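In: sequence first, predicted model second:
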Amino acid sequence: MSHPNLPQPHAASTAAATDPVKPSNFLRQIIENDLEKGTYAGRRWAGTPGDATHQAQGQPDPAKIRTRFPPEPNGYLHVGHAKSICLNFGLARDYGGVCHVRFDDTNPEKEELEYVNTILDAVQWLGFDWHANGQSHLFQASDYFDFMYRAAEYLIEAGHAYVDEQTAEQMRDSRGDFGKPGQDSPYRSRTPVDNLARFRAMRDGKFEDGAMVLRAKIDMGSPNINMRDPAIYRIRRATHHNTLMKLVCE
């Protein structure tokens, strides 16, 4: 019963109080804006991850959006992972999309099949699944080692990557810090031919672990330290839980 001495709510405000509020955030706003504009309406999907040429050979993508949950299987999940699972699978569900589980399994020294299985169990325990449109969307980065290797050779041939033989300590010192720019490696000016020959020798196991790395040639003076020629391939001899083979380059 309303009190005669209190102001009475307007009909509009009463209706607003009972209507469900649609949740929103900047991610939903970006997705809805793209869907409204048809930003990716012409996108194609070839059925598996791949580069633009690979996807162009596919059919029009039946998923309105695609998200991913990309864990590294080197331990058990924590609450932050649970949030990511709910976010990515939830957005895909709400907008007629598909969420991929794509394991970032490129470090065999720290990863195990046990962690892979517990991660998949956690996804299902939270009420989600990686199957959609009659297809599994479970992928491992290790399934694409050959593609990654070809991409590395392409970067070398284009002059965008080089083999560095400095020690880890020398590279750390030459990288600089937040107040000091880095210095170029003495191996940075090698020709693509020389770099390609050394990289293939790395692949063939002709050098010891840690003897050299392949670095992307970006900008040693960048204020973002991560852009100062990061390492993209290292020499590692280890058995991978998915490929079940010895890896020479990580």
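Out: Thanks, I have it. Numbers count the residues shown, from 1 in each chain.

In: which non-adjacent residue is nearest residue 162?
Out: Leaving aside its sequence neighbours, residue 162 sits nearest to residue 195 (C-beta to C-beta, 6 or more residues apart in numbering; 4.9 Å). In this view, the C-beta of every residue, glycine as well, is placed from N, C-alpha and C.

In: and the gap between the one you found and residue 222?
Out: In this view, residue 195 and residue 222 are 21 Å apart by C-beta to C-beta, to the nearest Å.

In: ok, these two, which is more surrounded?
Out: Neighbours per residue (other C-beta atoms under 10 Å) separate residue 195 from residue 222, with residue 195 holding more: 24 against 14.

In: in terms of helices and strands, where is the more buried one?
Out: helix 192-203 (DSSP states H and E).

In: and that helix, how far from the chain's centre?
Out: Relative to its parent chain, helix 192-203 has a centroid offset of 26 Å by C-alpha atoms, centre = their mean, to the nearest Å.

In: list the buried ones in it?
Out: 192, 195-196, 198-199, 202-203 (16 or more other C-beta atoms under 10 Å).

In: element containing residue 235?
Out: Residue 235 is part of strand 231-239 when elements are defined by DSSP H and E.

In: model confidence for residue 241, exactly?
Out: In this model, residue 241 is scored at 87, pLDDT.

In: which SS class is it?
Out: Using DSSP: H, G, I helix; E, B strand; the rest coil, the structure places residue 241 in coil.

In: contact partners for the nearest residue to residue 110 once chain neighbours are set aside?
Out: Nearest residue to residue 110, sequence neighbours excluded (C-beta to C-beta, 6+ apart): residue 74, at 4.2 Å. Residue 74 makes contact with 107, 110-112, 115, according to C-beta atoms under 8 Å, 6 or more residues apart in numbering.

In: next structured bit after the longest helix that the chain contains?
Out: In the chain, with assignment by DSSP state H, the single longest helix is helix 79-94. As assigned by DSSP H and E, the chain's next helix or strand after helix 79-94 is strand 98-103.

In: name the residues that touch that next one?
Out: Counting by C-beta under 8 Å, 6+ apart, 49, 63, 65-73, 88-89, 91-93, 116, 119-120, 123, 128, 130, 132-133, 137-142, 242 sit against strand 98-103.

In: returning to what we had before: where's the residue nearest to residue 162 relative to residue 77, distance?
Out: For residue 195 relative to residue 77 (C-beta to C-beta), the value is 39 Å.

In: now do residue 133
Out: Applying C-beta to C-beta to residue 133 and residue 77 gives a distance of 26 Å.

In: who has more neighbours, these two?
Out: More crowded of residue 133 and residue 77, by other C-beta under 10 Å: residue 77, with 18 against 10.

In: which residues touch the nearest residue to that one once chain neighbours are set aside?
Out: Nearest residue to residue 77, sequence neighbours excluded (C-beta to C-beta, 6+ apart): residue 122, at 5.1 Å. Taking C-beta under 8 Å, 6+ apart, we find residue 122 in contact with 77, 81-82, 85.

In: neighbour-wise, which one of these leads?
Out: Using other C-beta under 10 Å as the neighbour criterion, residue 85 leads the contacts of residue 122 with 22 neighbours.

In: and the host helix or strand of residue 55, what's its mean pLDDT?
Out: Using DSSP H and E, residue 55 falls within helix 52-56. The predicted model assigns helix 52-56 a mean pLDDT of 93.
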